[in-house]
Structure formats: structure tokens, C-alpha cells
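Peer 1: Would you be able to build a 3D model of this:
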Amino acid sequence: MKIAALQMVSSPDVAANLGVARQLIGQAAAAGAELAVLPEYFCLLGLKDTDKLEIAEQPGGGLLQDFLSGCAREFNIWLAGGTVPLATDVPGKVYNSTLVYNPSGQCVARYDKMHLFRFDNGLESHDEARVLTAGKQPVAFDLPSQDGHTWRIGLSICYDLRFPELYRELKADLLLVPSAFTHTTGQAHWEVMLRARAIENLAYVLAAAQGGLHANQRRTWGHSMVVDAWGHILALQAEGPGVVLANIDKAALAAHRLQLPALHHRRL
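Peer 2: Okay, here's the model as predicted:
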């Protein structure tokens, strides 16, 4: 199955971001991808954290959800919509949610980001909990591929990458990691953690990232990539908008898990 990580450098202009996203989805579909994944905050990287509250939607409908559904249907592709801000019952807070659409445009999975990023090194400071509510449960779904195989797809978002117990719980063949890693933390930890999650779970990893300098002067690390179950990087783009394509193989995955049955050797 061919898969695609879509890298963006999103801005405070929702319409412009959706235009870029649609172009990248179309490129991925034209290249034969069955699954495309947008980055975290693909629809908006605002000038301030609270900007995302202004575009929050109720689950089930709205500009962003209709856009994702329409693109999945138009391009006949499975589409993981990076993240969308969805309304909560808590005033001033939203969920940061990945929504997955099948080629008919139906939403087949929703995952609310469970781990909320906080970082302060004295020079830069981030605290997602100021405007986000944490999700409560892991989510995975089944994708029946055109090659006749069914893939178990596990969902995660950005900072989740630092919590390996989440990925153990997912028990997936392919792990999705839409992200907006900062340049500081990405440069230090991004690649090594993606490869570790692939190796320890004997699973493919697809990480779609924000990658560049944004209008709010935040710089994201980028380096969207696909990693195989042995930890090899199959495809990568360092910075700027683009489509990162790779083929994943169920037989190769099964062979790795047979040769090294670590998942069956777990004691905890």
C-alpha cells in the first residue's frame, strides 16, 4: 500500500491553508497513495494560542470537517485530517482531534490528543493545556487496502510520541503521528523517537509534520517521514510543503515480526 505524509507550513489564514492542503492531497492521490495524512494544526497556526478557539467546530459538521470529507471523496483516498479543534464543555478550551475519513467521505475514527505539550527552556515557552482539553482513550481503526490486506492503523499526535505505552496499547501495523514539533525539540529528539516507536512495536510509522518558519515566528522542525518496522527511514522531507511517499508491505511486516517475535516476549 502506498501512503503519504503531507508536510505544510501553516499560517493564520485558514482559507490559504485549506488551499495548500487540498493541493497536497491531490498530489498524493495522483501518485497512487491510498492513505494521506495531514500535519497537526494543518488548518491554522495562529498568531496566538487562543486563535484556534475561534474556528472550533462541533463534532459532525463545519467548514473544516466538510473540507476533509469532501477531499477524501473527491480524491477517492483515506484521509487523516491532521488535527481539527473540536468543541468541549469546558469554556475556553477545545479538543485537538485527528479525524479519519474513508474514500466515501465518512468519518470512521476520531482521536483526541491525550498528552498536552508543555516546554519552557527560558527562551521559548509552550503550554497546550491553556487552551486544550486532553483526550481520554487510545484509538485505532482498520483500513482494508486495495492489495487485499487489512491494516490496523493507530492514531497519535505530536507530543504523544514521548509516551511509548500509548503505542503498545494501539497494537497497530501502522502508526500515524501528525505533528508540529518545535525546531528545538525536533532537532534533538524527533527522528530517534519515531524510529524507536517503529522498532519497539515492529510497525510502520508515518509522521506528517509542520516544517518551516510560520507567521507567528514559530519555527517547526518538519522532517516528515515514513519509517519501516526495522527502523529504516523509507522517505523524508526536511522542510517546506511537500508530499512524502512510501510503499508499505504487509508481508515484510509479517516477516519482521516472525524473525523477531518481541511482541510475544513481553512480560509486562
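Peer 1: what comes up buried for stretch 99-110?
Peer 2: Across stretch 99-110, burial judged by 16 or more other CB atoms under 10 Å covers 99, 100, 101, 102, 105, 107, 109, 110. From N, CA and C alone the C-beta is placed, and that goes for glycine too.
Peer 1: With distance to residue 15, pLDDT and secondary structure as extra columns, can I get those residues in JSON lines?
Peer 2: Formatted as JSON lines, the buried residues of stretch 99-110 follow (distance: CB to CB, whole Å; pLDDT from 0 to 100; DSSP: H, G, I helix; E, B strand; the rest coil):
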{"residue": "99", "distance to residue 15": "19", "pLDDT": "98", "secondary structure": "strand"}
{"residue": "100", "distance to residue 15": "23", "pLDDT": "98", "secondary structure": "strand"}
{"residue": "101", "distance to residue 15": "20", "pLDDT": "98", "secondary structure": "strand"}
{"residue": "102", "distance to residue 15": "25", "pLDDT": "98", "secondary structure": "coil"}
{"residue": "105", "distance to residue 15": "21", "pLDDT": "98", "secondary structure": "coil"}
{"residue": "107", "distance to residue 15": "22", "pLDDT": "98", "secondary structure": "strand"}
{"residue": "109", "distance to residue 15": "26", "pLDDT": "98", "secondary structure": "strand"}
{"residue": "110", "distance to residue 15": "24", "pLDDT": "98", "secondary structure": "strand"}
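Peer 1: what about the helices in the stretch 1-150 of the chain?
Peer 2: Taking DSSP state H, counting those that start in this stretch to define them, one finds helices in the stretch 1-150 of the chain at 14-30, 63-75.
Peer 1: I'd like the buried residues of stretch 99-110 as TSV, with distance to residue 3 appended.
Peer 2: Below are the buried residues of stretch 99-110 laid out as TSV (distance: CB to CB, whole Å):
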residue	distance to residue 3
99	17
100	13
101	15
102	15
105	19
107	19
109	16
110	20
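Peer 1: Show me which pair in these is furthest apart.
Peer 2: Across the buried residues of stretch 99-110, the longest distance by CB to CB is 14.9 Å; it joins 105 and 110.
Peer 1: What's the mean pLDDT across stretch 244-256?
Peer 2: The average pLDDT within stretch 244-256 is 98.
Peer 1: let me redo that: stretch 77-86
Peer 2: In the prediction, stretch 77-86 has an average pLDDT of 98.
Peer 1: ok now stretch 13-21, how far from the chain's centre?
Peer 2: Centroid separation for stretch 13-21 versus its chain: 17 Å, with CA atoms, centre = their mean, to the nearest Å.
Peer 1: what's the answer for stretch 23-33, then?
Peer 2: 17 Å.
Peer 1: can you check stretch 141-155 too?
Peer 2: The answer for stretch 141-155 is 16 Å, by CA atoms, centre = their mean.
Peer 1: Kindly check the end-to-end length of that stretch for me.
Peer 2: Distance between the two ends of stretch 141-155: 8 Å, counting by CA to CA, to the nearest Å.
Peer 1: swap in stretch 38-58?
Peer 2: OK, stretch 38-58 end separation, CA to CA: 20 Å.
Peer 1: Just the buried positions in that stretch, please.
Peer 2: 38-46, 51-53, 55-57.
Peer 1: ok, now stretch 17-28?
Peer 2: Under the neighbour-count criterion of 16+ other CB under 10 Å, stretch 17-28 has 17, 18, 20, 21, 24, 25, 26, 27, 28 buried.
Peer 1: and the fourth one, what is it in contact with?
Peer 2: It refers to residue 21. Going by CB atoms under 8 Å, 6 or more residues apart in numbering, residue 21 touches 6, 8, 38, 42, 43, 67, 71, 82.
Peer 1: From the residues you listed, which land in strands?
Peer 2: If you go by DSSP state E, the contacts of residue 21 have residue 6 in strands.
Peer 1: I'd like the contacts of residue 21 as JSON lines, with distance to residue 208 appended.
Peer 2: Below are the contacts of residue 21 laid out as JSON lines (distance: CB to CB, whole Å):
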{"residue": "6", "distance to residue 208": "5"}
{"residue": "8", "distance to residue 208": "8"}
{"residue": "38", "distance to residue 208": "6"}
{"residue": "42", "distance to residue 208": "8"}
{"residue": "43", "distance to residue 208": "13"}
{"residue": "67", "distance to residue 208": "16"}
{"residue": "71", "distance to residue 208": "15"}
{"residue": "82", "distance to residue 208": "7"}
